[in-house]
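In: Test case, fold it:
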Amino acid sequence: MSSAPSSVPEVIHRLQAIEASAPHADGIVCFARLYRQVTQDVDADLKRQGFSAAPFMERLDLSFAGLFLSALESFERDPASAPSAWTPLFRQRSGHGIAPLQFALAGMNAHINRDLPVALVTTCEALRVELSEKSPEHGDFERVNALLSRVEANIKHAYLTGWLAWADRVVHRVRRIDDVIAMWDVARARDAAWTNGQTLWALRDQPALASQFLVTLDRMTGFASRGLLVPADSFPQKLGRLLR
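Out: Here you go, the predicted structure:
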């Protein structure tokens, strides 16, 4: 297994390598593309000193990315060893009828709901800071929500535009992809991740209970990802990808 990333530029480089490793519509590539765009925005804020607690944000970014990279490597080595949260995306990365946006959201679901609480605790332990609200760390954590929302909105806008979007609304008055999008809210997911991180933080002295909590969180996150990956393609959406 490769080593954990040691810098934010290295995270970006490794995500770019994943993007180049498979077709544009591959499920893992769809998520890696979104993840790389957000990471580039975080890196830009770090360089212009936009964060109040920059060491915390950098360490969190590296720990967070390492969990995704480790999960992918585990699945490639032995699918049964990968976290349940990631298994639906990894298994269905080439699934028919699943829109690129669904893949991206399923990856965000696994990464934020399962990995982010773990990364928060790991980072706080390493830097010996408390995982508390009204702290500089929490303020910076919420600042990333705006970056994520902007990238997510761009991807949603790019999914279908122009006459194909119009045709899709005519043919499918109730668009199945809208139901999938309605299942996901990045700000709420990150709020929940902070709360779950606080729970794991409170259970540091009870490792057995903390492990049980994480197993349950992992399984529930995987269940949500399966819902996000229910095929939702329509004919105009398929045609749109062919014409790109």
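In: center of the protein, which residue is that?
Out: Closest residue to the average C-alpha location of the chain: Met108 at 2.3 Å, with Cα atoms, centre = their mean.
In: show me what contacts that residue?
Out: With contacts defined as Cβ atoms under 8 Å, 6 or more residues apart in numbering, the neighbours of Met108 are Phe31, Leu34, Leu148, Glu152, Trp184, Val186, Ala189. C-beta coordinates here come from the backbone N, C-alpha and C atoms, glycine included.
In: what does Leu62 give?
Out: For Leu62, the set of contacting residues under the criterion of Cβ under 8 Å, 6+ apart consists of Ala4, Pro5, Ser6, Ser7, Val8, Val11.
In: so what's the second one up against?
Out: With contacts taken as Cβ under 8 Å, 6+ apart, Pro5 has the following neighbours: Val11, Arg14, Leu62, Ala65, Gly66, Leu69.
In: so which of these would you say is closest to Ala208?
Out: For these, the minimum distance to Ala208 (Cβ to Cβ) is 24.4 Å, reached by Gly66.
In: What is the neighbour count of the closest one?
Out: For Gly66, the count of nearby residues is 20 (other Cβ atoms under 10 Å).
In: That one reaches Ala4, doesn't it?
Out: Yes. Gly66 lies in contact with Ala4 (Cβ atoms under 8 Å); the separation is 4.0 Å.
In: which SSE is the nearest residue to Ala54 once chain neighbours are set aside in?
Out: When the adjacent residues along the chain are set aside, Ala54 lies closest to Leu46, with 5.8 Å between them (Cβ to Cβ, 6 or more residues apart in numbering). Using DSSP states H and E, the element containing Leu46 is helix 27-47.
In: just how off-centre is that helix within its chain?
Out: On the basis of Cα atoms, centre = their mean, to the nearest Å, the separation between the geometric centre of helix 27-47 and that of its chain is 10 Å.
In: Equivalent analysis for stretch 191-211, please.
Out: Going by Cα atoms, centre = their mean, where stretch 191-211 is centred and where its chain is centred differ by 20 Å.
In: got the contact list for that stretch?
Out: Around stretch 191-211, the neighbours that count as contacts under Cβ under 8 Å, 6+ apart are 112-113, 116-118, 120-121, 124-125, 131, 133, 138, 141, 213-214, 217.
In: In helices, which of those residues appear?
Out: Leu116, Pro117, Val118, Leu120, Val121, Cys124, Glu125, His138, Phe141, Phe213, Leu214, Leu217 (DSSP state H).
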